[in-house]
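Asks: Sharing a sequence plus its predicted fold:
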Amino acid sequence: MTAPLKVKDLTVAYQKKPVLRNVSFEIPEGKLIGIVGPNGAGKSTLIKSILGLIPRVTGEVEIYGKPYKEQRKLIGYVPQRESVDWDFPTNALDVVTMGRYGHLGWFKRPGSKEKEFAMECLRQVGMDGFAERQISQLSGGQQQRVFLARALAQDAQLYFMDEPFVGVDAATEKAIITLLNNLKQQGKTVLVVHHDLNTVKEYFDWLLLLNVELVGIGETERLFTKEYLQRTYGGRLTMFDSEKESSFMIN
């Protein structure tokens, strides 16, 4: 089967300084993948360069065997919450309905069918009661749920989520991981930029370890080890062992 995502020799630089260097990997379908690495490792840059949001110095990206521009309808994207203009005058339902635009032809406006689909997506994230609420009036966790609902409305096969757990409450975090597992059970592939090492084993079945260069990619059980994590974080990682579990602190 054709891989959902294949990246070859990807290099990205800011002001001639490499942020990603010669990154190559391929992922199988139906995996929940955590993108893990220290600050400045290029995690968000990786997603944005794959999606064509920032230029690459070198590299090729294939989505199900074809260039990204030909496969946009197969992709869902949840950006960092801090990158969104939350003062834009629109309500939650309209934001989610925007996720249907890729399935409409040119100049077509969403109708009742698209609105109903968007409402169902809001229900899945527990936000249907806030459909008419202005997004600026929502809490941080509620705003994140709305953007997850918009990604659901895209009805994609391959999802990219940039730090969806940052700044949300425990209830929202639980709702997000439930949603991600549901997507995986439907055969979708999901890549998530993630910071909390203490939840990695619980949340992800695959990992992509990154620090400018690719450190490793594969099953969490194989890569979530002291050796791989210290290669990824260097001296900034402290590991605490106990009989029951391990915990981590990034210095």
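Replies: Received it, and whenever you're ready, just let me know what you need.

Asks: so where's this structure uncertain?
Replies: 86, 102-111, 235-251 (pLDDT under 70).

Asks: Show me the strands in it, by range?
Replies: Counting by DSSP state E, one finds strands in the chain at the ranges 5-14, 17-27, 32-36, 58-63, 66-67, 75-78, 158-162, 189-193, 206-211, 213-219, 237-241, 246-250.

Asks: Residue 129: which of these is closest?
Replies: strand 75-78 (21.1 Å; C-beta to C-beta). C-beta here means a position set from N, CA and C on the backbone, and glycine is covered the same way.

Asks: helices and strands around that closest one, which ones?
Replies: Contacts defined by 3 or more C-beta pairs under 8 Å, 6 or more residues apart in numbering; DSSP states H and E place strand 75-78 against helix 140-153, strand 158-162.

Asks: Geometric centre of this protein: which residue is closest?
Replies: Centroid-nearest residue in the chain: residue 161, 1.5 Å away (criterion: C-alpha atoms, centre = their mean).

Asks: residues touching that residue, list them.
Replies: Applying C-beta atoms under 8 Å, 6 or more residues apart in numbering to residue 161 gives the contacts 77-78, 148, 151, 180, 190-193.

Asks: Throw those into a markdown table and include neighbour count and distance to residue 30, thanks.
Replies: As requested, the contacts of residue 161 are exported to a markdown table (neighbours: other C-beta atoms under 10 Å; distance: C-beta to C-beta, whole Å):
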| residue | neighbour count | distance to residue 30 |
| --- | --- | --- |
| 77 | 21 | 19 |
| 78 | 25 | 19 |
| 148 | 27 | 19 |
| 151 | 25 | 17 |
| 180 | 20 | 12 |
| 190 | 26 | 9 |
| 191 | 25 | 13 |
| 192 | 25 | 15 |
| 193 | 24 | 20 |
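
Asks: Go through the residues you listed and name the one nearest residue 7.
Replies: Among those, residue 191 lies closest to residue 7 (C-beta to C-beta), at 10.9 Å.

Asks: Distance of the closest one relative to residue 97?
Replies: According to C-beta to C-beta, to the nearest Å, residue 191 and residue 97 sit 25 Å apart.

Asks: what's the answer for residue 66, then?
Replies: 27 Å.

Asks: try residue 182
Replies: Going from residue 182 to residue 97 by C-beta to C-beta gives 21 Å.

Asks: Would you mind telling me which of those two has more residues around it?
Replies: Shown here are residue 182 and residue 97; by other C-beta atoms under 10 Å, residue 97 has more neighbours (26 against 12).

Asks: okay, now the nearest residue to the more buried one once chain neighbours are set aside: neighbour count?
Replies: Excluding its sequence neighbours, the residue lying closest to residue 97 (C-beta to C-beta, 6 or more residues apart in numbering) is residue 118, at 4.3 Å. Other residues lying near residue 118 total 26 when counted by other C-beta under 10 Å.

Asks: Tell me how far residue 118 lies from residue 149.
Replies: According to C-beta to C-beta, residue 118 and residue 149 sit 7 Å apart.

Asks: what do those two both touch?
Replies: Residues touching both residue 118 and residue 149 (C-beta under 8 Å, 6+ apart) are 96, 99.

Asks: show me what contacts residue 215?
Replies: 37, 209, 228, 231-232.

Asks: Return the member of those residues nearest to residue 1.
Replies: residue 209 (24.6 Å).

Asks: Enumerate every residue touching the closest one.
Replies: Neighbours of residue 209 in contact, by C-beta under 8 Å, 6+ apart: 36-37, 215-217, 223, 228-229, 231-232.

Asks: For residue 126, which of the strands of the chain is the nearest?
Replies: Minimum separation from residue 126 across these (C-beta to C-beta) falls at strand 75-78, 16.2 Å.

Asks: count of neighbours near residue 196?
Replies: 15.

Asks: Next, work out how far apart it and residue 57 are.
Replies: Plainly put, residue 196 is 31 Å away from residue 57 if you go by C-beta to C-beta.

Asks: Likewise for residue 149?
Replies: As defined by C-beta to C-beta, residue 149 lies at a distance of 35 Å from residue 57.
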